[in-house]
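>>> I'll drop the sequence and a predicted model, then ask my questions.
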Amino acid sequence: MLKIAVPNKGSLSETAAQMLAEAGYHGRRDPRELVTADPANGVEFFYLRPRDIATYVGSGALDVGITGRDLLLDSESPATEVAELNFGGSTFRFASPAGEFSTLEQLQGRRVATSYPGLVAAFLAKSNVTATLVKLDGAVESAVRLGVADAVADVVSTGSTLRKAGLEIFGPVILESTAVLISSGIQNPGADTLLRRLQGVLVARQYVLMDYDVPRAHLDAAAALTPGIESPTISPLADPDWVAVRAMVPRHDMNLVMDALWEVGARAILVSPIHAARI
Ligand SMILES: Nc1ncnc2c1ncn2[C@@H]1O[C@H](COP(=O)(O)OP(=O)(O)OP(=O)(O)O)[C@@H](O)[C@H]1O
Ligand SMILES: O=P(O)(O)OC[C@H]1O[C@H](OP(=O)(O)OP(=O)(O)O)[C@H](O)[C@@H]1O
Ligand SMILES: [Mg+2]
């Protein structure tokens, strides 16, 4: 059985569970359940705090897990990142009351509140800045107002929490984070299957299938707009002057591609969702 660590709550939990379900796994039905077996798929899910997942996977107690890159680096666990999962995107930044600081060097000798002390200490050390870290559990944006720190270092997504606390970002980007699949490094064939399935889910979400008919004379121009992953599928039609084309197109570009295809003479342009994929 492949042992998989999954966030039990917080920003990553819902999307992680949804991705695993789309990948064909059967997770927990009851949110109080801590462990669930999915024998048909040869896996067992352990629902854990996202912050603890790298520790369990790094120790080899669990094989793989889904967590944030920021949490993985903060933990200093030997677990390694295997794939980005394209959700839970955030940046990790320094912030202070408007105008207070503008450069990283100004933090020398000052107090920085964070719930990611490992990540921040490593960044400050690499930058040759010595500051006192004030370790908090969360809601660090309140630390300056309450007088326990001069600046904060925290996860920023929309920036709205910082704004509401009267803080502004300054200094360099500490980290670009996203949800990631991590591994203990111990070989397990189930881990390769999980990775391929999750990659399939990402492809199914990011691409659509586009079908259209185009006069043979304009095929080259049309095919250049829809190169697909390997190469577009071209099929003959009853009318020898026309062909049918099928290709995967990035979902984000589909309307622009349809406009351009129409311009080069394509007709009957149809778009369908991809429910699952193995590329
Ligand atoms: N607002 C957000 N938008 C996107 N990702 C976020 C956001 N807040 C946190 N994250 C990401 O989610 C991961 C874990 O954060 P999360 O908030 O779930 O954990 P936590 O702070 O330990 O738990 P909780 O907030 O439930 O106490 C991190 O990788 C972080 O970058
Ligand atoms: O830029 P924003 O979109 O406002 O999001 C960033 C906020 O979200 C997270 O907080 P969370 O809700 O997890 O609370 P916490 O600080 O207690 O972890 C993070 O720690 C920031 O405070
Ligand atoms: Mg949080």
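Good, I have the coordinates. Numbering: from 1, shown residues only. Ligands and ions are numbered 1, 2, ... in the order given.
>>> CA atoms for contacts and neighbours, from now on please.
Noted.
>>> residues in the stretch 1-150 of the chain within reach of ligand 2, list them.
Within reach of ligand 2 by Cα under 6 Å from any ligand atom, the stretch 1-150 of the chain has these residues: 138, 139.
>>> Repeat that for the stretch 151-279 of the chain.
Counting by Cα under 6 Å from any ligand atom, the stretch 151-279 of the chain comes close to ligand 2 at 154, 155, 156, 157, 158, 159, 160, 161.
>>> If we use 5 Å, what do you get?
Taking Cα under 5 Å from any ligand atom as the contact definition, the stretch 151-279 of the chain meets ligand 2 at 155, 156, 157, 158, 159, 160, 161.
>>> Among those residues, name the ones in helices.
The helices, defined by DSSP state H, take in 160, 161 from these.
>>> Most neighbours out of the residues of the stretch 151-279 of the chain next to ligand 2, which is it?
Neighbour counts for these, by other Cα atoms under 10 Å, peak at residue 155, which reaches 24 neighbours.
>>> how about the residue lying closest to that residue once chain neighbours are set aside, what does it touch?
Of all residues not flanking residue 155 in the chain, residue 92 sits nearest, at 4.6 Å (Cα to Cα, 6 or more residues apart in numbering). Counting by Cα atoms under 8 Å, 6 or more residues apart in numbering, residue 92 touches 70, 153, 154, 155, 156, 173, 174, 175, 176, 177.
>>> Kindly state the pLDDT recorded for the fourth one?
Note for residue 155: predicted pLDDT of 98.
>>> Next: the last one.
What the model reports for residue 177 is a pLDDT of 98.
>>> picking that back up, so after the one helix or strand the residue nearest to residue 155 maps to, what's the next helix or strand?
Assessed by DSSP states H and E, residue 92 sits inside strand 90-97. Sequence-wise, the next helix or strand downstream of strand 90-97 (DSSP H and E) is strand 111-114.
>>> any idea of the mean pLDDT for that following strand?
Strand 111-114 carries an average pLDDT of 98.
>>> Need the distance between the two termini of stretch 233-241.
One end of stretch 233-241 sits 17 Å from the other (Cα to Cα, to the nearest Å).
>>> So for that stretch, what gets flagged as buried?
Buried residues in stretch 233-241, counted by 16 or more other Cα atoms under 10 Å: residue 234.
>>> ok now it, how far from the chain's centre?
Relative to its parent chain, stretch 233-241 has a centroid offset of 40 Å by Cα atoms, centre = their mean, to the nearest Å.
>>> middle-most residue in this protein, spatially?
Most central in the chain under Cα atoms, centre = their mean is residue 86, positioned 2.8 Å from the mean C-alpha point.
>>> How about the contacts made by it?
By Cα under 8 Å, 6+ apart, the neighbours of residue 86 are 178, 179, 202.
>>> try it again with 10 Å
Neighbouring residues of residue 86 by Cα atoms under 10 Å, 6 or more residues apart in numbering: 177, 178, 179, 180, 202, 206.
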